[in-house]
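# Give the three-dimensional model of this entry:
(one chain, ligands or ions: 4)
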Amino acid sequence: MKRIDLHVHTTASDGSTAPADAVRLALERGLSAIAVTDHDTVSGYAEAARAGETLGVEVVPGIEISTRYEGPVHILGYFVDPASEVLRPVLDWVIRDRDARNRKMVALMAADGLPITYEDMQRRYGEVVGRPHFAAFLVELGLAADVQDAFDRFVEKGRKYYMPRSFLSIERSIEIIARAGGVPVLAHPFQYKLDDAGLRRLIEHCMASGLRGMECLYSGYTAEQSAYLLALAGEYGLLPTGGSDYHGSAKPHIRLGTGTGSLAVPYEYLERLREAAGKQKT
Ligand code: AMP
Ligand code: ZN
Ligand code: FE
Ligand code: FE
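Ligands and ions are numbered 1, 2, ... in the order given. Okay, the predicted model is just below:
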């Protein structure tokens with residue numbers, strides 16, 4: 001059976017693997033295709049696509065947009081046009097908002113005497129800099145044992161270096177993904193700690209804005225949980241998707257392709273997404 005991974009982060013956001021290296025790893029793992037789904041950016045796609053051409057691994061352009069509903073909700077977009085004029089200004093707004101927040105976080109740390117500058121953070125971590133990067137930096141400085149510890153003590157909401165940022169709404173995120181030619185998908189539904197009624201409310205809210213798929217296979221989800229999500233997707237007429245949420249050494253327990261164990265996403269899911277996006281295989 002041809003296997004794929006439709007949820008992969010790279011150095012374009014908070015992953016530690018360069019886009020081309022993620023494709024090399026996919027080849028090693030025997031995957032037929034991956035989707036690059038960086039947080040709030042499509043800038044990793046071009047490099048991954050070039051590597052994919054060379055290595056014979058299909059690379060799908062994707063994105064994962066962080067939104068707020070009652071709590072955090074992530075919306076994946078597949079087959080978005082990376083050059084879309086619709087996406088660019090919106091993603092630029094997200095980056096500018098992050099930049100303003102990051103400058104404030106840097107100022108708080110610098111005021112405590114930490115050797116950190118905004119320019120250093122940009123140089124080291126690129127365009128989409130977030131709290132995971134600050135956490136990694138605090139670990140490097142020896143101020144925290146690991147990223148989780150850095151969150152718990154310094155950058156989690158309410159801690160001394162935390163500053164809030166703004167979010168796109170679910171509606172707007174789904175709308176811009178669709179207008180950029182993509183298929184909007186609800187990411188990792190169990191991460192929101194909702195009961196069945198709550199999840200159904202979220203799905204129905206997203207569907208009112210044009211949601212077309214739901215991530216049913218995901219790192220750490222049991223066979224029972226996946227079966228429940230697949231049944232729910234079937235009931236609502238949503239396309240099933242699946243992926244590991246690979247981040248490289250930033251989340252070392254998650255392996256590309258197989259997740260935290262025996263994740264196996266069938267190629268068929270990609271064919272259905274492609275069809276929904278109205279795209280031909282190239
Ligand atoms: P940001 O968008 O810059 O505020 O960072 C949010 C990201 O930080 C999320 O997508 C998570 O990956 C990560 N994160 C948030 N809270 C925690 C936490 N308590 N422990 C570890 N990682 C977290
Ligand atoms: Zn991430
Ligand atoms: Fe996510
Ligand atoms: Fe993710």
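# Quick check: which element contains residue 199?
With the criterion set as DSSP states H and E, the secondary-structure element containing residue 199 is helix 196-209.
# How about residues contacting the following helix or strand past that helix?
Sequence-wise, the next helix or strand downstream of helix 196-209 (DSSP H and E) is strand 213-218. Strand 213-218 is touched from outside by 6-7, 76, 78, 183-190, 203, 226, 229-230, 232-233, 236, 238-245, 259, 263-265, 273, 276, with contacts defined as Cβ atoms under 8 Å, 6 or more residues apart in numbering. Glycine gets a C-beta too; all of them are placed from N, C-alpha and C.
# Could I get the contacting residues of the closest residue to residue 160 other than its chain neighbours?
Here the nearest residue to residue 160 in space, its sequence neighbours aside, is residue 154; by Cβ to Cβ, 6 or more residues apart in numbering that works out to 6.3 Å. Taking Cβ under 8 Å, 6+ apart, we find residue 154 in contact with 134, 135, 138, 143, 144, 160, 161, 162.
# Up against ligand 4, what does the stretch 151-282 of the chain have?
Proximity of the stretch 151-282 of the chain to ligand 4 (Cβ under 5 Å from the ion) is limited to residues residue 245.
# per-residue confidence averaged over stretch 131-138?
Per-residue confidence for stretch 131-138 averages out to 96 on the pLDDT scale.
# Residue 36 contacts residue 22, correct?
Yes: using Cβ atoms under 8 Å as the test, residue 36 is close enough to residue 22 to be in contact (7.2 Å).
# So for the two, which residue has more residues nearby?
Under the criterion of other Cβ atoms under 10 Å, the comparison of residue 36 against residue 22 puts residue 36 first, with 32 against 28.
# Give me the pLDDT for that one.
Residue 36 is assigned 98 on the pLDDT scale.
# what does residue 27 give?
On pLDDT, residue 27 comes in at 98.
# Which members of the contacts of residue 154 are the farthest-apart pair?
Of all pairs drawn from the contacts of residue 154, the widest gap by Cβ to Cβ lies between 143 and 162 and measures 14.9 Å.
# in the protein, what residue is nearest ligand 3?
Closest to ligand 3 within the chain is residue 74: 3.7 Å, counting by Cβ to the ion.
# What number of residues are in the vicinity of that residue?
The number of residues packed around residue 74, counting by other Cβ under 10 Å, is 22.
# Quick check: bridge partners of it?
Residue 74 forms beta bridges with residue 66, as assigned by DSSP bridges.
# For it, give me its contacts.
Applying Cβ under 8 Å, 6+ apart, we find residue 74 in contact with 64, 65, 66, 67, 186, 187, 188, 191.
# Filtering these by proximity to ligand 1, which remain?
Among the contacts of residue 74, the residues that sit close to ligand 1 (Cβ under 6 Å from any ligand atom) are residue 66.
# Nearest to ligand 1 among the contacts of residue 74?
Ligand 1 has its nearest neighbour among the contacts of residue 74 in residue 66, at 5.7 Å by Cβ to the nearest ligand atom.
# can you pull the contacts of the residue of the stretch 51-200 of the chain found nearest ligand 1?
When distances are taken as Cβ to the nearest ligand atom, the stretch 51-200 of the chain approaches ligand 1 most closely through residue 130, which lies 2.6 Å from it. With contacts taken as Cβ under 8 Å, 6+ apart, residue 130 has the following neighbours: 13, 14, 39, 98.
# any idea how far residue 116 is from it?
Between residue 130 and residue 116 the distance is 15 Å, computed by Cβ to Cβ, to the nearest Å.
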